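Asks: sequence plus predicted model, see below.
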Amino acid sequence: MTVFALDSLDLAALLCSKVCHDVISPVGAIVNGLEVLDEDNDAETRAFALDLIKKSANTASAKLQFCRLAFGAAGSAGASIDSGDAENVTRGLFGDDKVKLEWLPVRALMPKNKVKLILNLCIIGAGTIPRGGVIRVEPIAAAEDAEIRLTIKGTNPRVNHALAALLDGKPEGGTIDAHAIQPYFTGLVARQIGYGVTLAIEGDTVTVKATARPVGQGSDMGNAPDVAAAVNDPAASAIIDL
């Protein structure tokens, strides 16, 4: 089966739509808080509005900083990214949310697309634990083709049935919307660096792995709770709610 090809303009439009969707809620809350300050002189109400504005501004900033590394250029072609910066933006994204982050890789400069893959896998991992839990990014060896592994634990984890096809670059129905663009992009990034992605569920634990794959190896979810991404995407530069 031929890997689905998304027009570059459509890809850009869907990524923009996703980022806008992710920040519209905190930005809207800031606007609401400002309206309260403009219309209400009650001290307690104004204090509440100021607190809302502060928290919402921090949330919007955290999401934008994460998106810049996860989806953006983040430097010139071939640039490396400090993994410590990746850790910081991921911690900022989850913040005080129900998803907790354990980041174990040693701080080092890493190829930017490998960093993008790690960040996007964190988002996919968070999507498997809707009731909250812990995302553990395991240590990563220094080798260029080192395995990337995330261990996610939470109550009643689940993997969306469409995730396998999206990671594989073969969306169901042959179409993609802004809600599906993030896992599709994750598959693009993985294939660009010669990796495949697998997910497996056992009890309350989801294991996400990205490993170097021979060109041409595809995925088959079958009856097992595994998801594998193909790596035979043509070489090209291309790119779950936060």
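Replies: Looks like it came in fine.
Asks: nearest residue to Met110 in space, please, no chain neighbours.
Replies: Nearest non-adjacent residue to Met110, counting by CB to CB, 6 or more residues apart in numbering: Ser83, 5.2 Å away. All C-beta atoms are positioned from the backbone trio N, CA, C, and that covers glycine.
Asks: the one you found: neighbouring residues, count only.
Replies: Neighbourhood size, Ser83 [other CB atoms under 10 Å]: 20.
Asks: quick one: residues contacting it.
Replies: The contact partners of Ser83, by CB atoms under 8 Å, 6 or more residues apart in numbering, come to Pro105, Val106, Arg107, Ala108, Leu109, Met110, Val115, Ile118.
Asks: please repeat the previous calculation with a cut-off of 6 Å.
Replies: Residues in contact with Ser83 (CB atoms under 6 Å, 6 or more residues apart in numbering) are Pro105, Arg107, Ala108, Met110.
Asks: farthest pair within those residues?
Replies: Arg107 and Met110 (9.7 Å; CB to CB).
Asks: so between those two, which is more surrounded?
Replies: Met110 (20 against 12).
Asks: element containing that one?
Replies: Using DSSP states H and E, Met110 falls within strand 109-111.
Asks: so Val31 sits in a helix?
Replies: Yes: Val31: assigned to a helix according to DSSP: H, G, I helix; E, B strand; the rest coil.
Asks: and for it, the neighbour number?
Replies: Other residues close to Val31 by other CB under 10 Å number 11.
Asks: for the chain, give me the ranges with low pLDDT.
Replies: Along the chain, segments meeting pLDDT under 70 span 1-3, 74-78, 214-242.
Asks: okay, helices next: where are they in it?
Replies: For the chain, the helices defined by DSSP state H occupy 8-39, 43-70, 83-94, 112-127, 163-167, 181-192.
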